[in-house]
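Colleague: Here is my input; please provide its structure:
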Amino acid sequence: SFYSLLPLVPQDSRVAIALDARKSEVYAGIWDLAQGWAPVIEPHTSNPQAFFELVAAHDPRESLVLLGDGPSAYPEAYAPVADSIRRVTAHDTPLAANLFAAADRGFVQWKDEGILEPFYIRPSDAELNPRFAKPDIS
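Modeller: Here you go, the predicted model:
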């Protein structure tokens, strides 16, 4: 899990995470560990090449580490900037069991006691498909 990797990441660094979102996109974001995991770039979907170029362009005086399976899923987008990015590859994909560790750190919202609330970055295909649109009853 990403949390088990924290000993491998300097505590004053920033962490970029890029996870394969399918549809030629990554779920991406950047957080500042020194500021208690404060978001530098909020979670969003991105074109992999654009996000990897953004990560590669970070200020070299700041420590930044890339986590996630995005580079493995989109190697053609990652390869041109690979030499400019420090990447930790162990456990590229987070484990569901670590949702509770994330909740303990305040990264996951509880819907009700004991029920985790998912954070959806983009609408589902069903929400985007007009065939499944809610009827207008006004």
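Colleague: In the protein, which helix is the longest?
Modeller: Using DSSP state H, we find that the single longest helix of the chain is helix 48-56.
Colleague: now the very next helix or strand once past it: mean pLDDT?
Modeller: On the C-terminal side of helix 48-56, the nearest following helix or strand under DSSP states H and E is strand 64-67. Average pLDDT, strand 64-67: 90.
Colleague: and strand 64-67, which strands flank it?
Modeller: Each strand paired with strand 64-67, and its direction, by DSSP bridges: strand 14-22 (parallel), strand 86-87 (parallel).
Colleague: Next, the residues that contact the shortest one from outside, please.
Modeller: Outside strand 86-87, the residues within contact range by Cβ atoms under 8 Å, 6 or more residues apart in numbering are Ser63, Leu64, Val65, Leu66, Leu67, Pro71. To be clear about C-beta, it is placed using only N, CA and C from the backbone, and glycine gets the same treatment.
Colleague: How many residues are close by the first one?
Modeller: When counting by other Cβ atoms under 10 Å, one arrives at 17 neighbours for Ser63.
Colleague: Could I get the phi/psi values of it?
Modeller: When read as degrees, to the nearest 10, the backbone of Ser63 gives phi -80, psi 130.
Colleague: ok, the residue lying closest to it once chain neighbours are set aside - how many residues close by?
Modeller: Distance criterion Cβ to Cβ, 6 or more residues apart in numbering; nearest residue to Ser63, sequence neighbours excluded, is Ser13 at 3.5 Å. A count of nearby residues for Ser13, using other Cβ under 10 Å, gives 16.
Colleague: Ser13 against Val65, yeah?
Modeller: Yes: using Cβ atoms under 8 Å, Ser13 makes contact with Val65 at a distance of 5.7 Å.
Colleague: any chance you could map the strands in the chain?
Modeller: 14-22, 25-32, 38-46, 64-67, 86-87, 109-112, 115-117 (DSSP state E).
Colleague: Residues in contact with the second one: which ones?
Modeller: Meaning strand 25-32. Contacts of strand 25-32 (Cβ under 8 Å, 6+ apart): 14-21, 37-48, 51, 55, 64, 68, 70, 73-74, 121.
Colleague: Any chance of a ChimeraX selection covering the buried ones in these?
Modeller: Selection command for ChimeraX covering only the buried members of the contacts of strand 25-32, criterion 16 or more other Cβ atoms under 10 Å:
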select :14,15,16,17,18,19,20,21,46,48,51,55,64,68,70,73,74
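Colleague: Since that was my last question, I'll sign off now.
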